[in-house]
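Sharing a sequence plus its predicted fold:
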Amino acid sequence: MPPERMSVHQEVESIQKHLQDQIGAKRYENWFGTSTRLQVQGAELVVYVASPYLVKWIQKKFGAHLGTAAAEVMGPSASVRYEVGFDIPPVVPVKTPQAEESTKQEQASSDAPVQVTHHAQPSAASGSKNQYSTYRATSESNSTKKRRIGKRSRSLTDFVVGPCNELAVAAVHQVVAEPGSVSPLYLYASVGNGKTHLLESIYLRLRREAPHLQVLNLTAEQFINYFTQAYSAKTLPSFRQKFRSVDVLLIDDVDFLDGKKATQEEFLHTIKEFELAGKQVVVTANRHPQLLTKTPDELSSRLVSGLVCRLDRPQLETRQEVVRRHAKRQGCEISESVVGAVANRLTGSCRELEGAVNILSTWSQMTKKKVTVTIAKKLLSQLERDCLRIVRLADVEDAVCGLFGVGEGMLKSKTRKQSVAQPRMLAMYLARKLTQTPYSEIGQYFGGRNHSTVMSAEKKIDHQLQESGVIRVASETWQLQDLVDTLKDRIQAG
Ligand SMILES: Nc1ncnc2c1ncn2[C@@H]1O[C@H](COP(=O)(O)OP(=O)(O)OP(=O)(O)O)[C@@H](O)[C@H]1O
């Protein structure tokens, strides 16, 4: 019988001890004291490192030691994976047997017996084995997102495909089958509809099926951080070399770059290099490249030059399947009527659906009762009441001005210049659709205009939407539907 394994906490301690013995206490303290953390996950030793530069360094200098220590403590099939993250998790928690079990279940339900950047060598075999490195950047793009370290990885098989996202999913399959063939791939959607999930799926698939490729997965905010750090430290050449030497670049939330001139320029050069080398870039955003209004034309036209796919809000069948699968993952048994009740009620995003299932599941665990349709409806109406956001006219005004770069107060001015009149018309339309405000009050708000002006704005935009029309503002032409969807999402998200 194989010897029983220690707890993960003991294993980490033991690996740390082995490392100290191999490299000496001082070097250990220097390199593994504060800027690196170790975690044991199943048969993997995960080495969390503070920056991509450090990853290379740690792999080169200590890859073999880490491999040896992992093999000694966890057994010869142990493997070592490196993760990059600003939010390095605190010292490894001691896992309870239940936690261990749930980790195993999560791993089993994930696409991957996800695999590792390189296998640990039981003997003094080397970091040179480690001819490929797959980074995973793990700090978050903005405060609204949770960090991904320790979170369930989201795989392609977990992703529910429906008419709302099938083109995007087909493109993702193409990217993993032949990296570089659809580049740049630009995926955009409103919040919670699968952008990050698809990016992570690409990362996982490539790590498993093309481990020789270097894949860099990070958020646009991290890109900015690395860039500004390199800029201040005068290490831009090394930054460029590191970023441009990877084979596949995955960047989440590129809308975050909007208006950040210096980083946009750097990003543009990065994309150009990738294009020249026939390498793959995949980016996600909350809107079409054309609606990145503070982005230079050269960059937005690069971004549309590959394939641009929208992930629409999920239709009923997709929502139902998301609910079923998430309930199953939560171990929460729900009937088809409950699935229907949730999916009919929440139409916005998959994240919303998962949140609702979490509430039902928690209720069921706490009360030890099965969720009925009546209970589900009651819990969901409480949820809706708590989350209800009241849209004000000023929210509409802010969102429209922000998107078109119209100065404060201009929508309320008398000017009839097209660059202001068109956004104003759109603002009136959105005010009518998203608030309960009467026509006369909307007219009053936007510069003391008559109620008939608001009525005609509503009618005109409705008509143009039916005709799949475009709207011209200044020298730009916009797809009206995209514009309206983007603005609605922003206003409702607050
Ligand atoms: N089609 C889908 N099938 C299954 N799960 C999905 C699908 N779309 C989204 N989800 C789930 O919904 C949650 C939110 O998705 P994700 O984080 O990818 O959203 P996002 O589009 O990146 O949102 P944000 O704009 O906030 O970054 C995740 O848990 C994800 O796994």
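Structure's in. What do you need?

Could you list the alpha-carbon positions for whichever helix in the chain runs longest in PDB?
Selection of the longest helix in the chain by residue count, based on DSSP state H, yields helix 52-74. Listed next in PDB are the C-alpha coordinates belonging to helix 52-74 (Å, rounded to 0.1, in the frame of the first residue of the first chain):
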ATOM      1  CA  PRO A  52       6.100  37.500 -14.500                       C
ATOM      2  CA  TYR A  53       9.800  38.500 -14.300                       C
ATOM      3  CA  LEU A  54      10.200  36.600 -11.000                       C
ATOM      4  CA  VAL A  55       8.600  33.500 -12.500                       C
ATOM      5  CA  LYS A  56      11.400  33.200 -15.000                       C
ATOM      6  CA  TRP A  57      13.900  33.800 -12.400                       C
ATOM      7  CA  ILE A  58      12.500  31.400  -9.800                       C
ATOM      8  CA  GLN A  59      12.100  28.700 -12.500                       C
ATOM      9  CA  LYS A  60      15.600  29.200 -13.700                       C
ATOM     10  CA  LYS A  61      17.300  29.400 -10.300                       C
ATOM     11  CA  PHE A  62      15.100  27.100  -8.200                       C
ATOM     12  CA  GLY A  63      13.000  25.100 -10.700                       C
ATOM     13  CA  ALA A  64      15.100  22.000 -10.000                       C
ATOM     14  CA  HIS A  65      15.000  22.400  -6.300                       C
ATOM     15  CA  LEU A  66      11.300  22.900  -6.200                       C
ATOM     16  CA  GLY A  67      10.900  19.900  -8.400                       C
ATOM     17  CA  THR A  68      13.000  17.800  -6.100                       C
ATOM     18  CA  ALA A  69      11.400  19.000  -3.000                       C
ATOM     19  CA  ALA A  70       7.900  18.300  -4.400                       C
ATOM     20  CA  ALA A  71       8.900  14.900  -5.500                       C
ATOM     21  CA  GLU A  72      10.400  14.000  -2.200                       C
ATOM     22  CA  VAL A  73       7.300  15.100  -0.200                       C
ATOM     23  CA  MET A  74       4.400  14.500  -2.600                       C
END
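
That helix packs against which elements?
helix 8-23, helix 25-32, strand 36-41, strand 44-49, strand 79-84, strand 118-119, helix 236-244 (3 or more CB pairs under 8 Å, 6 or more residues apart in numbering; DSSP states H and E). In short, each C-beta sits where N, CA and C put it, glycine included.

List the buried residues in it.
Of all the residues in helix 52-74, those buried under the rule 16 or more other CB atoms under 10 Å are 52-56, 58-59, 62-74.

now stretch 194-210
Neighbour-count burial for stretch 194-210, counted by 16+ other CB under 10 Å, picks out 194-208, 210.

same check, this time on stretch 237-256
Neighbour-count burial for stretch 237-256 [16+ other CB under 10 Å]: 239-240, 242-244, 246-256.

Now do the same contact list for Leu316.
Residues counted as contacts of Leu316 (CB atoms under 8 Å, 6 or more residues apart in numbering) are Ala343, Asn344.

now do 7 Å
Under the criterion of CB atoms under 7 Å, 6 or more residues apart in numbering, the contact list for Leu316 reads Ala343.

Check the one 4 residues further on too.
For Gln320, the set of contacting residues under the criterion of CB under 7 Å, 6+ apart consists of Val339, Gly340, Ala343.

repeat for Val484
Contacts of Val484 were listed using CB under 7 Å, 6+ apart, and they are Leu465.

surely Cys309 meets Val169?
No. Cys309 sits out of contact with Val169 when judged by CB atoms under 7 Å, with a separation of 8.8 Å.
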